[in-house]
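Colleague: Give me a 3D structure for the following:
(2 chains)
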There are 2 protein chains.
Amino acid sequence: MSASDVPASHPRYLSLLRRERIVCGVERGVTSLHGLIAHGRGEAFDYLIGERTHLFATGAITAAAAALKGARHPVISVNGNACALAAAELVALAEAAGAWLEVNIFTSSPPRELAIRTMPLDAGARDVLMPSQTHAIQHIDHNRKWVHPEGILTADVVCVPLEDGDRCEALVKNGKTVITIDLNPLSRTSRTAQITIVDNLTRCLPLLVQAVREAGTAPVDPVPWDNRKALAEAESVMRQPQATVSGPTAN
Amino acid sequence: MSASDVPASHPRYLSLLRRERIVCGVERGVTSLHGLIAHGRGEAFDYLIGERTHLFATGAITAAAAALKGARHPVISVNGNACALAAAELVALAEAAGAWLEVNIFTSSPPRELAIRTMPLDAGARDVLMPSQTHAIQHIDHNRKWVHPEGILTADVVCVPLEDGDRCEALVKNGKTVITIDLNPLSRTSRTAQITIVDNLTRCLPLLVQAVREAGTAPVDPVPWDNRKALAEAESVMRQPQATVSGPTAN
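Modeller: Numbers count the residues shown, from 1 in each chain, chains lettered A, B, ... in the order given. Have a look, this model is predicted:
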């Protein structure tokens, strides 16, 4: 079923639209097949929080906006899933935060990296940095170590939506402040980042853009943030029976 | 990362192996891209039950084995995901239960139906029925209504692993006893089938084959089964914090 066949009034419309975007991502060489499986995991966790943005997420959004606005050199890392789902919103976030966008994917694939770069450019990004083959972060072995010297290498704050655990951990070990967006509060990524927004990427990005814009140009103080407590709240909500969860099904 | 790169001692070995099988399923034309997303949803629910077979599943397996052995004409429905993940186990189940295998997929695609048929045949199935274009079950509109006249049309017990909600409901309305295997105890499929095994397909199928074999050739009495109670137990386990869940991550 294509999303275009589904009326906007359909109770599963947004979910079907996201699913269609990620499948289109595969068809245009942006998303990997393993990325589709990861998307499905996210869907299940989203069901369990009732597919809405909770206080543990809005708090994290406020902290993330302050971290981005207070950064000397913020960078937003873009992978296949993030790009397929929300290229335009990532461009808006980079614009609002004065941040670079930088492509980084798990398994080396120059054609896929180029396909990913095209989407934010088409959505209006001024430029999108590509990983170099000369500059690497420490504490990680595979393709994800390669970074752009004027991007992630020298960034102080990195926003890495839908990131894998190894790389998130490496970025922290390299002294970066890491913001992630991840629907699984139990994932290594969620537990390793300093600020984890446990929410659907497409639902929270507009809120994050708005929070960054509202911060304006005045100097921004960091917002104290207890990530461990927020993750515990997210897990607690996820494990509570909720009226909103019984509606959507996994089939 | 290919599963063959991962040692069997890797804590995520089985999960990575299943992921690789389903990706291979796409590459050989057996699994749809949407099937990959469904697989990811299943992974998330499996994390939440600690990736092990619980009593609510072993009870359902006992009831399912009795239903298959007591059936006049049992049929096992095979779709892309089930085939990619467990073709050999489905063949073993059909053999043990004296059941037919019948291909059925959501979106009409003769090449994909033929690709699916090949896998159980390669795994030793005597034959695999294909949906006709002349015989249909009632209460369903799309491609899934088409069935084989000597298969699902006249079956009394149908095992439909990883089934979609509409078709599961239609099979029940057509008077079939429906057994399903589904990791989401909240799905319409889980709630509509008479016997739902809430477990990972690859983990429970060998147990189901064993249960059917142990039933032997003696007449089998139906096992009373309260599916609603079992689903409530599965949901309750899923919603409880468990030590076993914190290990695996979604990244």
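
Colleague: tally of neighbours for the closest residue to residue A:74 other than its chain neighbours?
Modeller: The shortest distance from residue A:74 to any non-neighbouring residue, by C-beta to C-beta, 6 or more residues apart in numbering or on different chains, is to residue A:99 (4.0 Å). For the C-beta atoms, the positions are set from N, CA and C on the backbone; glycine is no exception. By other C-beta atoms under 10 Å in any protein chain shown, the residues close to residue A:99 number 22.

Colleague: wouldn't residue A:99 be in contact with residue A:159 here?
Modeller: Yes. The pair residue A:99 / residue A:159 is scored as a contact, 7.3 Å apart, by C-beta atoms under 8 Å.

Colleague: overlap in contacts of the two?
Modeller: Residues within reach of residue A:99 and of residue A:159 at once, by C-beta atoms under 8 Å, 6 or more residues apart in numbering or on different chains, are A:68, A:74-76, A:93.

Colleague: So residue A:76 belongs to a strand, correct?
Modeller: Yes. When classified by DSSP: H, G, I helix; E, B strand; the rest coil, residue A:76 is found to be part of a strand.

Colleague: What separation do you get for the residue nearest to residue A:74 and residue B:51?
Modeller: According to C-beta to C-beta, to the nearest Å, residue A:99 stands 38 Å off from residue B:51.

Colleague: which residues does the residue of chain A found nearest chain B contact?
Modeller: With C-beta to the nearest C-beta as the measure, residue A:40 is the residue of chain A nearest to chain B, at 2.3 Å. For residue A:40, the contact set (C-beta under 8 Å, 6+ apart) comprises B:36-44.

Colleague: Repeat that for residue A:171.
Modeller: Contacts for residue A:171 (C-beta under 8 Å, 6+ apart) come out as A:137, A:152, A:158, A:160, A:178.

Colleague: ok, stretch A:79-93 near chain B or not?
Modeller: No. Applying C-beta under 8 Å from any C-beta of the partner chain, one finds stretch A:79-93 separated from chain B by no less than 10.9 Å.

Colleague: any residues touching that stretch, and which ones?
Modeller: Outside stretch A:79-93, the residues that reach it (C-beta under 8 Å, 6+ apart) are A:18, A:21-22, A:24-26, A:30-32, A:35, A:38-39, A:68, A:76, A:78, A:99, A:101, A:103-106, A:112, A:116, A:119-120, A:122-125, A:159, A:161-163, A:201-202, A:205-206, A:208-209, A:212.

Colleague: And for stretch A:58-69?
Modeller: A:74, A:93, A:97, A:99, A:157, A:159, A:177, A:179, A:194-199, A:204, A:207-208, A:211-212, A:214-215, A:220-225, A:227, A:230.

Colleague: quick one: the residue nearest to residue A:74 from residue B:129, how far?
Modeller: Distance from residue A:99 to residue B:129, counting by C-beta to C-beta: 57 Å.

Colleague: Tell me the buried residues in the particular helix or strand that has residue A:18 in it?
Modeller: Following DSSP states H and E, one finds residue A:18 within helix A:13-27. By neighbour count on 16 or more other C-beta atoms under 10 Å in any protein chain shown, the buried set for helix A:13-27 is A:14-23, A:25-26.

Colleague: just how off-centre is the helix or strand just after it within its chain?
Modeller: Sequence order places helix A:33-48 as the next helix or strand after helix A:13-27, per DSSP H and E. Relative to the centre of its chain, helix A:33-48 is centred 13 Å away, using C-alpha atoms, centre = their mean, to the nearest Å.

Colleague: Give me the pLDDT value at the residue with the shortest distance to the centre of chain A.
Modeller: With distances taken as C-alpha atoms, centre = their mean, the residue of chain A nearest its centroid is residue A:161 (1.9 Å). pLDDT for residue A:161: 98.

Colleague: hey, where'd the helices end up in chain A?
Modeller: For chain A, the helices defined by DSSP state H occupy A:13-27, A:33-48, A:55-69, A:80-97, A:110-122, A:165-173, A:188-192, A:201-214, A:227-239.

Colleague: Now distance to residue A:142 too, for those, in CSV please.
Modeller: Shown next, in CSV, are the helices of chain A (distance: least, C-beta to C-beta, whole Å):
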stretch, distance to residue A:142
helix A:13-27, 21
helix A:33-48, 14
helix A:55-69, 27
helix A:80-97, 15
helix A:110-122, 14
helix A:165-173, 8
helix A:188-192, 15
helix A:201-214, 23
helix A:227-239, 26
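
Colleague: Mean pLDDT added to the ones you listed, as CSV?
Modeller: As requested, the helices of chain A are arranged in CSV below (pLDDT from 0 to 100):
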stretch, mean pLDDT
helix A:13-27, 90
helix A:33-48, 92
helix A:55-69, 97
helix A:80-97, 97
helix A:110-122, 96
helix A:165-173, 94
helix A:188-192, 94
helix A:201-214, 97
helix A:227-239, 94
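
Colleague: before we move on, back to that, could you point out the member of the contacts of residue A:40 that lies closest to residue A:183?
Modeller: Nearest to residue A:183, judged by C-beta to C-beta, of the contacts of residue A:40 is residue B:44 at 8.7 Å.

Colleague: Please name the nearest non-neighbouring residue to that closest one.
Modeller: residue A:44 (3.4 Å).

Colleague: repeat for residue A:45
Modeller: Residue A:45 sits nearest to residue A:183 (C-beta to C-beta, 6+ apart), 4.0 Å away.

Colleague: OK, contacts around that neighbour?
Modeller: Contacts of residue A:183 (C-beta under 8 Å, 6+ apart): A:41-42, A:45-46, A:49, A:198-200, B:250.

Colleague: Mind doing that once more with 7 Å?
Modeller: For residue A:183, the contact set (C-beta atoms under 7 Å, 6 or more residues apart in numbering or on different chains) comprises A:42, A:45-46, A:198-200.

Colleague: could I get those as a markdown table with neighbour count?
Modeller: Listed next are the contacts of residue A:183 as a markdown table, based on neighbours: other C-beta atoms under 10 Å in any protein chain shown:
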| residue | neighbour count |
| --- | --- |
| A:42 | 26 |
| A:45 | 24 |
| A:46 | 26 |
| A:198 | 29 |
| A:199 | 26 |
| A:200 | 24 |
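
Colleague: any chance of those in TSV, with distance to residue B:144 too?
Modeller: Converted to TSV, the contacts of residue A:183 look like this (distance: C-beta to C-beta, whole Å):
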residue	distance to residue B:144
A:42	27
A:45	28
A:46	26
A:198	36
A:199	34
A:200	29
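
Colleague: ok, of these, which one's closest to residue B:170?
Modeller: Checking the contacts of residue A:183 against residue B:170 with C-beta to C-beta, the nearest one is residue A:46 at 27.5 Å.

Colleague: OK, contacts around the closest residue to residue A:98 other than its chain neighbours?
Modeller: In space, residue A:98 comes closest to residue A:74 once its chain neighbours are excluded; the distance is 7.1 Å by C-beta to C-beta, 6+ apart. By C-beta under 7 Å, 6+ apart, the contact set of residue A:74 is A:68, A:97, A:99, A:155, A:157.
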